[in-house]
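[1] Dropping the sequence and predicted coords here.
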Amino acid sequence: MENSTTVTEFILMGLSDLPAVRFPLFAAFLLIYLITLVGNGTILLAIGVDPHLHNPMYFFLTNLSLLDIFCPTATVPKMLENLLSENNVISFVGCILQLYFLVALAGTEVFLLAVMAYDRYVAICNPLRYTVIMSKKLCLQMVAGTWTTGFLNSLLHTVLTFILPYCKSNRVNQYYCDIPPVLALSCASTYLAEMVVLIVGGIFGVGAFLVTLVSYVYIISTILRIRSAEGKRKAFSTCASHLVVVCLFYGTTIFTYIRPSSSHHPDQDRLVSMLYGVVTPMLNPLIYSLRNKEVKGALKRITGVLNPSHWGASLFQSPVSTFKALRGLGLSQRRP
């Protein structure tokens, strides 16, 4: 230990072994990132301006879209910089911040998906009491709880990770700073940090997963009791998008974190982390916009009102109809 040097920066090695395809990778990840921003931004716009979507389900979807914007933003810009400059260095403080926000946002999404599952359970299994149970106050409390718990949970893991001495290699075998590849570089025992990840992450993760699972057991049993095929289809369509997102997120997250370090394989870890950190946030708005009729309807209304040709024709032919369309979307100011 006396002859060792304390690490002051890390080198992100996740994409350094692919120099021949550096520019194609840069273009691909930039495109995915832009699609993610535009897709989730469009969902936020549709929910924000359409009064038909001002209900608990879409309030939670707004938070999911925010998470899907923030999560890749914690890693992708640095990855794009590394690909363009071939400089894979990240400072020690930069690595701490990147790991903290990544784990915090991923943890918040775990809890948010459980809250969204409970919301669908109330909507389908207790439709007559839905507005009473899912009050504005309760929705705000649940969302505040998910964000607070996610960030406090990340603070615990971040502190336990970076109080360890790092005096061996500084080469992180990943394209961003994450708990497993960073712990692998410590020159002290990582047993406590790994156990906390498994125990605390297991308690929170399993708890959120059980809420989601139990909610969907009741949802599916309720749907199966509906006699008409059309009724079953409509009931299932209200939660199908969320169920697909849950499967994508839990599958990749469990594979990444709920495993001992001895079972981690670098190539597999990089592929799976790419799925849940970059690809899944891009797919979520596509899943909701393609499978949700209300979101598709809101997007069509926005497109119709904001279409320049439609706008000009409406102003020329009927200013009153244009004003009504804007007022219906919440884009016009109310008269005093």
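    Yep, it's here.
[2] doesn't residue 90 fall inside a strand?
    Yes. Membership of residue 90 in a strand is supported by DSSP: H, G, I helix; E, B strand; the rest coil.
[3] distance of it from residue 6?
    16 Å (C-beta to C-beta, to the nearest Å). All C-beta spots, glycine's among them, are computed from the backbone N, C-alpha and C.
[4] So between those two, which is more surrounded?
    residue 90 (22 against 10; other C-beta atoms under 10 Å).
[5] Retrieve the pLDDT associated with the more buried one.
    In this model, residue 90 is scored at 93, pLDDT.
[6] So what sits opposite it in the bridge?
    In this structure, residue 90 has beta-bridge partners residue 10, where bridges are defined by DSSP bridges.
[7] got a list of what it touches?
    Applying C-beta atoms under 8 Å, 6 or more residues apart in numbering, one finds that residue 90 lies in contact with 9-12, 78, 98, 177.
[8] same deal with residue 105?
    67, 70-71, 74, 150.
[9] Make CSV from these and add neighbour count to it.
    Converted to CSV, the contacts of residue 105 look like this (neighbours: other C-beta atoms under 10 Å):
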residue, neighbour count
67, 23
70, 17
71, 23
74, 21
150, 22
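[10] Which of the residues you listed fall in helices?
    Of those, the ones assigned to helices by DSSP state H are 67, 70-71, 150.
[11] could these be laid out in TSV, adding distance to residue 82 and pLDDT?
    Written out in TSV, the entries for the ones in helices among the contacts of residue 105 read as follows (distance: C-beta to C-beta, whole Å; pLDDT from 0 to 100):
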residue	distance to residue 82	pLDDT
67	24	94
70	20	95
71	18	92
150	27	95
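[12] so which of the residues you listed would you say is closest to residue 206?
    When the ones in helices among the contacts of residue 105 are compared for distance to residue 206, the smallest value, 15.7 Å, is given by residue 150; criterion: C-beta to C-beta.
[13] Surely that closest one touches residue 108?
    Yes. A contact is recorded between residue 150 and residue 108 when judged using C-beta atoms under 8 Å, the distance being 3.0 Å.
[14] Mind checking what secondary structure residue 221 has?
    Secondary structure of residue 221, reduced to three states by three-state DSSP: helix.
[15] Take the contacts of residue 105 and lay them out in CSV including distance to residue 50.
    Compiled in CSV, the contacts of residue 105 are given as follows (distance: C-beta to C-beta, whole Å):
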residue, distance to residue 50
67, 21
70, 23
71, 25
74, 29
150, 28
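[16] In the stretch 51-200 of the chain, where is pLDDT below threshold?
    Judged against pLDDT under 70, the stretch 51-200 of the chain has no low-scoring part.
[17] residue ranges for the strands of it, please.
    In chain order, the stretch 51-200 of the chain shows strands spanning 89-91, 171-172, with DSSP state E, counting those that start in this stretch as the criterion.
[18] Mind giving me the packing neighbours of the last one?
    For strand 171-172, the helices and strands in contact under the criterion 3 or more C-beta pairs under 8 Å, 6 or more residues apart in numbering; DSSP states H and E are strand 9-12.
[19] Against residue 186, how distant is residue 150?
    Relative to residue 186, residue 150 is positioned 24 Å away (criterion: C-beta to C-beta).
[20] which ones are touching the spatially most central residue of the chain?
    Among the residues of the chain, the one closest to the centroid is residue 68, at 3.7 Å (C-alpha atoms, centre = their mean). Taking C-beta under 8 Å, 6+ apart as the criterion, residue 68 is in contact with 36, 40, 280-282, 284-285.
[21] What distance do you get for it to residue 153?
    Where residue 153 is concerned, residue 68 sits at a distance of 19 Å (C-beta to C-beta).
[22] returning to that earlier point: I'd like the ones in helices among the contacts of residue 105 as TSV, with distance to residue 224 appended.
    Compiled in TSV, the ones in helices among the contacts of residue 105 are given as follows (distance: C-beta to C-beta, whole Å):
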residue	distance to residue 224
67	32
70	37
71	35
150	34
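[23] any idea where the helices of this protein begin and end?
    Taking DSSP H as the test, the helices found in the chain are 22-49, 56-73, 76-85, 92-125, 130-133, 136-162, 179-183, 191-224, 229-257, 266-274, 280-291, 293-306, 308-317, 319-329.
[24] Going by neighbour count, list what's buried in the fifth one.
    Along helix 130-133, these residues count as buried under the neighbour rule (16 or more other C-beta atoms under 10 Å): residue 130.
[25] and that helix, what other elements does it pack with?
    Helix 130-133 sits against helix 92-125, with contacts defined as 3+ C-beta pairs under 8 Å, 6+ apart.
[26] residues touching the closest residue to residue 149 other than its chain neighbours, list them.
    Excluding its sequence neighbours, the residue lying closest to residue 149 (C-beta to C-beta, 6 or more residues apart in numbering) is residue 111, at 5.7 Å. With contacts taken as C-beta under 8 Å, 6+ apart, residue 111 has the following neighbours: 145-146, 149-150, 204, 208.
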